[in-house]
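> only geometry, no sequence info:
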């Protein structure tokens, strides 16, 4: 169980937490939370005073973005930190988990950039640890996607593409299109620690393209279309076989629109060109709402089954914890969990141990 610090900085006033019994989530589905975007500030403030978790989160978002209020990232941090302090040990099966995970991600974004008015310097390592908590303990697909992106770029942690792919697999199983697209691109091109499996990669990109929101299609679409144009006929057949296999395993409706039609292959430009992680949209203020999910995958192919087996799981003796009075030990422990196993992570050997949160 992970304990989180209750204060951000010595100079900051302590956050007054609402008793857990007084806090509630008024929405049965996480996707209902965005309805608060149209709620008047006074109504939100009144609901937050009563302990409404969704209202507290929305107020934090508004102060962070300056939407309808004077922008104050310090006040935003107070709201997010209050939620973290109160609900940091909530499990992934709790109906409030998506809202709590969003508070972790919002707070991570603030730690990554720093807040001058709160005397808070940028701290990418601690930002990584906050995302890690939301990804593993709360099993949030948007957090798992963001954690993978940080691992691919080496933001606050040593680069580790294989670890990133494992977190993407977990989010992909939940039907999160951005994760399916990023994992598909990794498998299509091949990366450090992850061998190229073009059929699986192109098939995942096709599933992601159908699942993606209009916002995500802006970057998912070009990756998919480029891979489809480069694909050999045999790779398209393998991709369609992957799609059919996943449709059967996950029991989602099969339709002809998801199958890939072969395009004209341009041999002069057939070499695969990996898309840089920075070209894949990071989480922004707007995208940190509860993630929308689409068609899930089961990950039954040989490549994904092998990817799911990893020698990188932390043993019980080195499971990282956040210190109550300081954050340094916790983030260092989490980062060390990845650094110490970089060599093993690039191994093709299977293992019975699992990454925390991958099987959620």
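Arrived safely, thanks for sending. This structure is a prediction, so every number in the text was calculated from the model and none was measured.

> now residue 261: how far from residue 239?
Relative to residue 239, residue 261 is positioned 11 Å away (CB to CB, to the nearest Å). Yep, even glycine has a C-beta here, placed from its N, CA and C like the rest.

> out of the two, which sits in the busier spot?
A count of neighbours by other CB atoms under 10 Å puts residue 239 above the other of residue 261 and residue 239, at 27 against 8.

> would you confirm that that one contacts residue 197?
No: counting by CB atoms under 8 Å, residue 239 does not reach residue 197; the two are 10.3 Å apart.

> all helices of the stretch 201-350 of the chain, in order?
Assigned by DSSP state H, counting those that start in this stretch, the helices in the stretch 201-350 of the chain fall at 214-230, 233-250, 302-308, 328-339, 342-345.

> Throw those helices into JSON lines and include distance to residue 121 and mean pLDDT, thanks.
Shown next, in JSON lines, are these (distance: least, CB to CB, whole Å; pLDDT from 0 to 100):
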{"stretch": "helix 214-230", "distance to residue 121": "31", "mean pLDDT": "94"}
{"stretch": "helix 233-250", "distance to residue 121": "45", "mean pLDDT": "91"}
{"stretch": "helix 302-308", "distance to residue 121": "37", "mean pLDDT": "90"}
{"stretch": "helix 328-339", "distance to residue 121": "13", "mean pLDDT": "68"}
{"stretch": "helix 342-345", "distance to residue 121": "27", "mean pLDDT": "37"}
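
> identify whichever of those helices lies nearest to residue 68.
helix 214-230 (21.3 Å; CB to CB).

> dump the helices of the stretch 201-350 of the chain to a markdown table, plus distance to residue 179.
Shown next, in a markdown table, are the helices of the stretch 201-350 of the chain (distance: least, CB to CB, whole Å):
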| stretch | distance to residue 179 |
| --- | --- |
| helix 214-230 | 10 |
| helix 233-250 | 14 |
| helix 302-308 | 13 |
| helix 328-339 | 18 |
| helix 342-345 | 19 |
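
> closest one to residue 120 among those helices?
helix 328-339 (14.3 Å).

> which among the helices of the stretch 201-350 of the chain is found nearest to residue 101?
helix 328-339 (16.4 Å).

> closest one to residue 158 among the helices of the stretch 201-350 of the chain?
With CB to CB, the closest approach to residue 158 among the helices of the stretch 201-350 of the chain belongs to helix 328-339: 4.8 Å.

> output the contacting helices and strands for the helix or strand hosting residue 127.
Taking DSSP states H and E as the definition, one finds residue 127 inside helix 124-136. Here helix 124-136 touches helix 97-113, helix 141-153, helix 328-339, going by 3 or more CB pairs under 8 Å, 6 or more residues apart in numbering; DSSP states H and E.
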